[in-house]
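Q: no sequence on hand, only this structure:
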């Protein structure tokens, strides 16, 4: 079984909701993540706070590139899947697709032999 990182991206400001819309969206996320967990495929994940900084060699810290393009990294989820196609299938129900400009990146996590 392989591990995959799902990275959630959205356009800045696209997720502005009133309280009831936010609660309904959170319920969709809980249900989707819960279904992955029930199948024993959830490793972990968290939402991310908006903003961020990019650090380069020498310690220079600047606004990260996504701030320029108004793209926001919303969070991540780590899942287990037998192959990429299974990870893709698990991703299809993600509520990020309901957000204007929302997308999900799927990345296989490499194993390191140390």
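A: Yes, it's here. Quick caveat: nothing in here was measured; it's all calculated off a predicted structure.

Q: next secondary structure after the lowest-mean-pLDDT helix or strand in the chain?
A: Confidence across the helices and strands of the chain bottoms out at helix 65-68, with a mean of 50, counting by mean pLDDT, DSSP states H and E. Once helix 65-68 ends, the next helix or strand along the chain (criterion: DSSP states H and E) is strand 71-81.

Q: contact partners of that next one?
A: Residues outside strand 71-81 that contact it (C-beta atoms under 8 Å, 6 or more residues apart in numbering) are 1-12, 15, 33, 36, 40-48, 50, 52, 66, 87, 90, 96, 109. In short, each C-beta sits where N, CA and C put it, glycine included.

Q: apply 6 Å and report the result again.
A: When contacts are taken as C-beta atoms under 6 Å, 6 or more residues apart in numbering, the neighbours of strand 71-81 outside the stretch itself are 1, 3-10, 12, 36, 41, 43-48, 50, 87, 90.

Q: report the longest helix in this structure, please.
A: What stands out as the longest helix in the chain, according to DSSP state H, is helix 19-38.

Q: could you pull out the buried residues of that helix?
A: Along helix 19-38, these residues count as buried under the neighbour rule (16 or more other C-beta atoms under 10 Å): 25, 29, 32-33, 36.
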